[in-house]
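In: Here is a sequence with its predicted model. Questions after.
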Amino acid sequence: MAATQLFAFGFGYVAAELARNLAAKGWACAGTVRSEASAEPLVAQGFTTHIWPGAEITPPPTFNLGAAAWLISVPPDDQGCPVFRSFGHLAPYIQAGSRDTVRSRSFTGKPCRMLRNDWTEAWEDAATPDPLGMPLQYMVSGMAVSATHRWPDQTVDVAFNPVGQVVGQFERVEKTAGVIERWVNEYLEATAHLDALNTAAAE
């Protein structure tokens, strides 16, 4: 499915011009800025902005960050690309569908559902020995797991990504505090609505 959403990391002049052209064709466009002052003219044009670095990126419910086209115009720093350093290792989860998981013993020695990638497919190859039982298999996979933690951006295709089929419903990355805050607000709204109904029924 072709992308119809653009997320620009570094929503500057070039990204804004592209966003205007794509918006005219029906695309939804959003991106990051460094300050409220930079955000104002973009918001006035109907775009969604996020101050980053320094704030959590939570696209609107209708915006799927995983399926969107990413435009990265943020300059690299002395450690490389800050965008991929912050979000690259999470992309497989956001982009995956429920059919992208597989039960495999290749990491732990016991059946575990995880994202299918080059590692799991290599262990499914007929020419590959069967995984060892738990805990012996970790003698084989432990060094690889350590490497993926140290270099997450370079090892995406062989990383251990344990997850259930619910991964197909993942659309964005949120902090736990943001999720809890949203639940509390939804609870307060629901109870206020029930109180209003009870009050109306008692009159």
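Out: Received it, and whenever you're ready, just let me know what you need.
In: tell me the SS of residue 71?
Out: Assigned with DSSP: H, G, I helix; E, B strand; the rest coil, residue 71 falls in the strand class.
In: count of residues packed around it?
Out: For residue 71, the neighbour count with other C-beta atoms under 10 Å is 19. Using the backbone N, CA and C atoms, a C-beta is placed for each residue, glycine as well.
In: which ones are touching it?
Out: Applying C-beta atoms under 8 Å, 6 or more residues apart in numbering, we find residue 71 in contact with 6, 7, 8, 9, 10, 15, 18, 31.
In: mean confidence score for the helix or strand the last one falls within?
Out: Residue 31 is part of strand 28-33, with elements assigned from DSSP states H and E. Over the span of strand 28-33, the pLDDT mean works out to 90.
In: and that strand, what does it pack onto?
Out: Under the contact criterion of 3 or more C-beta pairs under 8 Å, 6 or more residues apart in numbering; DSSP states H and E, strand 28-33 touches strand 5-9, helix 13-23, helix 36-44, strand 48-51.
In: for the protein, which helix is longest?
Out: When the chain is parsed with DSSP state H, its longest helix is helix 176-202.
In: what stretches of this structure score poorly on pLDDT?
Out: 1-3, 54-67, 79-80, 84-91, 94, 149, 152-153, 170-176 (pLDDT under 70).
In: one more time with 80
Out: 1-3, 52-69, 75-98, 148-156, 161-179 (pLDDT under 80).
In: Checking the closest residue to residue 137 other than its chain neighbours next. Helix, strand or coil?
Out: In space, residue 137 comes closest to residue 109 once its chain neighbours are excluded; the distance is 3.3 Å by C-beta to C-beta, 6 or more residues apart in numbering. Classification of residue 109 using three-state DSSP returns coil.
In: In contact with residue 109, which residues are there?
Out: Counting by C-beta under 8 Å, 6+ apart, residue 109 touches 131, 132, 133, 134, 135, 136, 137, 138.
In: so who does residue 180 touch?
Out: Contacts of residue 180 by C-beta under 8 Å, 6+ apart: none found.
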